[in-house]
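Undergrad: below is the structure, and that's it, no one-letter string:
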């Protein structure tokens, strides 16, 4: 169990948060449905033509489309597609690495006197 938690703790926590929010949505939606039905003098039913399940399903799928699918799409597209210069782009990291290597080469080529003039009182080591 400890190994499972250590290997998948992010997924477990996100699943628990998802399920808790889904249960919360279901419970509050049911309470609202019961109150609405009572205000019309009708009894609340889970199933049937006027049942709670239809409104619950609609709310669930609307949330699913607007939140989870957008996030999933962004994560998947970010994993496979890049935008040059973005943090997700490998090109940006490669360009940064090349610039650092050029700077390091130039510093290695500089004499101690050139370094002192360029950077002030910095030791030559």
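TA: Thanks, I have it. No experiment lies behind these values; they were computed from the predicted model shown.
Undergrad: any idea which element residue 59 lies in?
TA: helix 52-63 (DSSP states H and E).
Undergrad: average pLDDT for that helix?
TA: Confidence for helix 52-63, expressed as mean pLDDT, is 83.
Undergrad: and that helix, how far from the chain's centre?
TA: 24 Å (CA atoms, centre = their mean, to the nearest Å).
Undergrad: buried ones in the helix or strand just after that helix?
TA: Note on helix 52-63: by DSSP H and E, the next helix or strand toward the C-terminus is helix 70-80. The neighbour-count check on helix 70-80 (16 or more other CB atoms under 10 Å) flags nothing as buried. To be clear about C-beta, it is placed using only N, CA and C from the backbone, and glycine gets the same treatment.
Undergrad: just give me how far helix 70-80 sits from the chain centre.
TA: Worked out by CA atoms, centre = their mean, helix 70-80 lies 9 Å from the chain centre.
Undergrad: give me the helices and strands touching whichever helix or strand comes after it, please.
TA: Downstream of helix 70-80, the next assigned helix or strand under DSSP H and E is helix 90-109. Contacting helix 90-109 under the criterion 3 or more CB pairs under 8 Å, 6 or more residues apart in numbering; DSSP states H and E is no other helix or strand.
Undergrad: what comes up buried for the host helix or strand of residue 4?
TA: Per DSSP H and E, residue 4 falls inside helix 2-39. The neighbour-count check on helix 2-39 (16+ other CB under 10 Å) flags residue 33 as buried.
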